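**Student:** below are the sequence and a predicted model for it; my questions follow.
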Amino acid sequence: MSPRTRKKHPNNFILIGATIAMVVALAVTGTFAFQTLSTSPSTAGFQSGDTPLLSDGNAGNGAFDQSTDSLEAIRDAVDASGNSDGITADNFYSTGGNLRYCLKKTLDSGGTIYETSINCNLMCDSTDTKYCSSNGECISSPSVPITAVANGDNHSCALLSGGTVNCWGAGGNGQLGNGTAATSYIPVSVSGISTATAMANSTNHSCALLSGGTVKCWGLNSSGQLGNGTTTSSTTPVSVSGISTATVIAGGASHSCAVLSDGVVKCWGSNTYGQLGNGTTTSSTTPVSVSGISTATAVANGTSHSCAVLSNGTVRCWGRNNYGQLGNGTTDRTTPVSVFGISTATAVVSGYYYSCAILSDSTVKCWGLNNVGQLGDGTTTTSSTPVSVSGISTATAVANGSNHSCVILSNGAVKCWGQNTYGQLGDGTTTTSYTPVSVSGISTATAVANGQYHSCVLLSDGIVKCWGANHNGQLGDGMTATRTTPSSQPIALSNQSCP
């Protein structure tokens with residue numbers, strides 16, 4: 001394959017501290033150089049005139065092999081003068097080092113070959129400072145911090161301080177929102193979102209709350225969960241019909257809900273078990289009002305049930321109740337019922353078939369399915385009424401995954417409990433725990449989000465760390481290896497600018 005003429009495009013990337021370093025073509029100081037390989041370092045396995053790595057992962061003759069070549073091999077491929085040696089492909093990652101780069105990404109005219117070049121004159125590593133700034137300097141904190149994080153089953157999203165959103169992980173239903181149905185192991189920018197204030201992810205769709213109170217959703221729409229009046233899935237955000245004063249949003253497996261500024265809750269999507277709360281089991285592709293709710297302050301969705309916190313501290317739930325996830329010992333309900341014994345709730349979250357609430361005294365109570373200890377009370381006994389999570393008395397935030405839960409404590413530490421098949425509890429093991437265990441190395445958490453088998457936290461310095469299952473790249477580290485503890489370095493972001 002002969003070398004191809006390459007054109008530069010203005011797509012800019014910053015890598016703010018990934019453990020997994022992108023392959024880069026090192027540039028001459030102050031310039032950008034793209035050329036085919038001029039040297040043939042034995043440690044790198046390159047040969048003169050090698051073609052770039054294709055975007056689908058197929059390598060040309062002698063190109064880097066992500067399973068065997070280390071970051072040191074990448075360094076060795078740069079000749080003594082510092083010129084580019086044609087190291088290419090933004091989908092190649094190395095496990096060999098902690099370099100951080102401010103990257104410039106260019107796409108060739110054929111649309112299949114990607115190249116990257118350092119757009120900073122400095123390389124920042126973990127021995128000094130951690131990030132590459134917009135003007136090419138090594139700094140100790142990210143220039144555009146993350147303000148919120150949300151996890152779906154097998155994908156994650158981060159809200160940046162400027163109101164844009166990055167997502168990563170499984171993308172087969174368009175849930176990454178970047179106009180494709182492709183999975184991405186690194187964050188990609190959600191199209192057309194620039195004023196987001198909150199995020200909600202679910203099984204195969206995502207939603208963003210915008211600053212004006214409107215909501216946009218993207219991804220799978222088989223049951224109308226995008227709320228735009230259709231059942232047509234979308235790889236880019238679409239507006240939810242008739243919502244203009246939303247303050248809180250939540251996503252379930254195939255339905256979504258929003259709290260409005262007047263305390264009303266509206267839901268849309270699948271309604272097989274009454275999870276829309278309007279007294280029917282008729283699905284709706286546009287929002288419908290939940291019966292009898294007018295003072296809601298928060299809402300949470302499970303697989304087929306929903307819960308809301310009211311201004312008086314009580315919790316009401318509706319929808320499917322096969323494992324007691326409504327919290328009042330009844331059967332399925334198409335309108336809200338009060339959760340037994342909860343009168344001081346400040347937050348509520350729902351997993352697949354269970355729910356949890358933080359109370360005003362900073363304790364946590366959970367109810368519903370408990371087959372793998374997801375209620376956190378030291379047993380595997382399912383409960384249709386709330387039980388106390390063992391040893392938690394200073395909770396500030398809580399998140400439920402499919403069958404595991406995590407809380408942030410007032411000191412910034414995180415504890416998790418429940419299923420741990422993929423290390424989603426973050427304690428360095430894959431041993432399921434019926435009571436909370438400490439997540440390794442986390443002491444400054446401000447927000448937490450759980451997916452099906454993975455978890456992520458937002459730290460006080462505006463970065464995100466994730467752990468657990470990674471078969472779809474949902475940890476955002478550019479690889480597919482499971483992690484039983486949080487990544488030692490934060491994930492990458494994709495839509496920040498370099499000079």
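**Tutor:** Structure's in. What do you need? Predicted model only: the values in this text are computed from it and were never measured. Numbers count the residues shown, from 1 in each chain.

**Student:** domain-wise, how is this protein divided?
**Tutor:** Using automatic domain parsing, the domains assigned to the chain come out as 1-143, 344-468.

**Student:** which one of these has the poorest average confidence?
**Tutor:** Least confident of the domains of the chain, judged by mean pLDDT, is domain 1-143 with a mean of 32.

**Student:** please look at residue 164 and residue 192 and confirm they touch.
**Tutor:** No: with contact defined as Cβ atoms under 8 Å, residue 164 does not count as touching residue 192 (9.7 Å). Where C-beta positions appear, they are placed from N, C-alpha and C, glycine not excepted.

**Student:** which of the two has more neighbours?
**Tutor:** Using other Cβ atoms under 10 Å, the more surrounded residue of residue 164 and residue 192 is residue 164, with 21 against 15.

**Student:** for the more buried one, give me its contacts.
**Tutor:** 189, 190, 193, 194, 196, 495 (Cβ atoms under 8 Å, 6 or more residues apart in numbering).

**Student:** and residue 236, how many residues sit next to it?
**Tutor:** 17.

**Student:** how many neighbours does residue 363 have?
**Tutor:** Using other Cβ under 10 Å: residue 363 sits among 16 other residues.

**Student:** swap that for residue 212, sorry
**Tutor:** 10.

**Student:** you'd agree it is up against residue 244?
**Tutor:** Yes: with contact defined as Cβ under 8 Å, residue 212 reaches residue 244; the gap is 7.2 Å.

**Student:** which parts of the stretch 301-450 of the chain are strands?
**Tutor:** 305-310, 315-319, 333-338, 345-350, 354-359, 364-368, 383-388, 395-400, 404-409, 414-418, 433-438, 445-450 (DSSP state E, counting those that start in this stretch).

**Student:** would JSON lines of these with mean neighbour count and distance to residue 203 be doable?
**Tutor:** JSON lines is the format used below for the strands of the stretch 301-450 of the chain (neighbours: other Cβ atoms under 10 Å; distance: least, Cβ to Cβ, whole Å):
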{"stretch": "strand 305-310", "mean neighbour count": "28", "distance to residue 203": "14"}
{"stretch": "strand 315-319", "mean neighbour count": "29", "distance to residue 203": "15"}
{"stretch": "strand 333-338", "mean neighbour count": "19", "distance to residue 203": "22"}
{"stretch": "strand 345-350", "mean neighbour count": "23", "distance to residue 203": "13"}
{"stretch": "strand 354-359", "mean neighbour count": "26", "distance to residue 203": "16"}
{"stretch": "strand 364-368", "mean neighbour count": "28", "distance to residue 203": "18"}
{"stretch": "strand 383-388", "mean neighbour count": "19", "distance to residue 203": "24"}
{"stretch": "strand 395-400", "mean neighbour count": "22", "distance to residue 203": "14"}
{"stretch": "strand 404-409", "mean neighbour count": "27", "distance to residue 203": "16"}
{"stretch": "strand 414-418", "mean neighbour count": "27", "distance to residue 203": "18"}
{"stretch": "strand 433-438", "mean neighbour count": "19", "distance to residue 203": "25"}
{"stretch": "strand 445-450", "mean neighbour count": "23", "distance to residue 203": "13"}
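
**Student:** so for residue 181, which of the ones you listed sits nearest?
**Tutor:** Closest to residue 181 of the strands of the stretch 301-450 of the chain, according to Cβ to Cβ: strand 445-450, at 22.8 Å.

**Student:** in its sheet, what does the closest one sit against?
**Tutor:** If you go by DSSP bridges, strand 445-450 pairs up with strand 454-459 (antiparallel).

**Student:** give me the contacts around the strand it pairs with.
**Tutor:** Applying Cβ under 8 Å, 6+ apart, the set of residues contacting strand 454-459 is 146-149, 151, 154, 156, 158, 399, 401, 404, 406, 408, 414, 416, 422, 424-426, 439, 442, 444-450, 464-470, 474-475, 486, 490.
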